[in-house]
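Asks: sequence plus the predicted model coming up.
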Amino acid sequence: MAGLELTSIRSPRVKSARRLAKRSFRQQDRRFLAEGPQAVREALALEGGLVELYTTADAAGRHAELIAAAEKAGVPVLRVSGEVMAELAQTVTPQGLLAVCAFLDVPLGTALRAPDGDGGGPRLVTVLSHVRDPGNAGTVLRASDAAGADAVIFTDASVDPYNGKCVRASAGSLFHLPVVTGPRYDTLIPALKDAGLTVLAADGAGEHTLDDLADEGALSRPTAWVFGNEAWGLPEEVRALADDVVRVPIHGKAESLNLATAAAVCLYASARAQRRVR
């Protein structure tokens, strides 16, 4: 660890990291910020994933094993004052560890290849279309990881997966599975179908319910679920290109489900159906 403590936000190293709070600079540098020991641990597990590590003296004492692992991996570890960490961090109460990480996204073609070389192609893919809320997007990414999805795709009209709030809401899942950014739905959906995936658009106005598809055995097929904007759902163009438009049935008196909850229900329904036929 560097012996001197950085105490000024005007330090070139600090300024370089601090600017990654803005999407334009993240894209330019192809780096993003991730806070906390879990993020550092996940980034360290990926070769080249952790580029630089900032820590307060207090956090370095609490997480000595992570500091040692980062130094062993040749990652620059910089000690900063609490004031500098407060400027770098994007949370009200910083945990004292902040990682500069390399972008993780992969090309669409890579994400749609057979997972683990099993020759069968992807079986469960999540698509976020026009999703703007980073907290929702990160939570859907986390649910996708938990359900065993093979990839998560953020269309060109969706939030940046490297947004700080999205990174935190993913709870480490951003580091676990292939993420694709930027494809347009008019080229994306044909690519999903070419990969052998049935494209299901989740929408509250869908003609068929999730229960209908489960009863018919349709959820056991390789599937790409498309989830839309929190407020106005999916564009008509996306609905038209999908193989089916599906709604989650409301059995009680709730008006609707929020995006992340609906996504978790759909993804787990597919995951369960697919595992029953393996």
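Replies: Received it, and whenever you're ready, just let me know what you need.
Asks: average pLDDT across stretch 168-185?
Replies: In this model, stretch 168-185 carries a mean pLDDT of 95.
Asks: end to end, how far does it reach?
Replies: 26 Å (CA to CA, to the nearest Å).
Asks: list the buried ones in it?
Replies: 168-181, 183, 185 (16 or more other CB atoms under 10 Å). For glycine as for every other residue, the C-beta is placed from the backbone atoms N, C-alpha and C.
Asks: just the ones of these in helices?
Replies: Secondary structure of the buried residues of stretch 168-185 is defined by DSSP state H; positions in helices are 168, 169, 185.
Asks: pLDDT below threshold where in the stretch 101-250 of the chain?
Replies: 114-119 (pLDDT under 70).
Asks: helices of that one, residue ranges please.
Replies: Using DSSP state H, counting those that start in this stretch, the helices of the stretch 101-250 of the chain run over 108-111, 134-147, 164-169, 185-194, 210-216, 236-241.
Asks: using JSON lines, please lay out those together with distance to residue 70.
Replies: Below are these laid out as JSON lines (distance: least, CB to CB, whole Å):
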{"stretch": "helix 108-111", "distance to residue 70": "28"}
{"stretch": "helix 134-147", "distance to residue 70": "24"}
{"stretch": "helix 164-169", "distance to residue 70": "18"}
{"stretch": "helix 185-194", "distance to residue 70": "37"}
{"stretch": "helix 210-216", "distance to residue 70": "44"}
{"stretch": "helix 236-241", "distance to residue 70": "42"}
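Asks: of all those helices, which one is nearest residue 77?
Replies: Each of the helices of the stretch 101-250 of the chain has some distance to residue 77 by CB to CB; the shortest is helix 164-169, at 20.2 Å.
Asks: helices and strands around the helix or strand containing residue 70, which ones?
Replies: In this assignment (DSSP states H and E), residue 70 forms part of helix 64-72. Counting contacts by 3 or more CB pairs under 8 Å, 6 or more residues apart in numbering; DSSP states H and E, helix 64-72 is packed against helix 37-44, strand 50-55, strand 77-79.
Asks: show me what the longest one is packed against.
Replies: What that stands for is helix 37-44. strand 31-35, strand 50-55, helix 64-72, strand 97-102.
Asks: so residue 112 versus residue 201, what's the distance?
Replies: Using CB to CB, to the nearest Å, residue 112 is found at 18 Å from residue 201.
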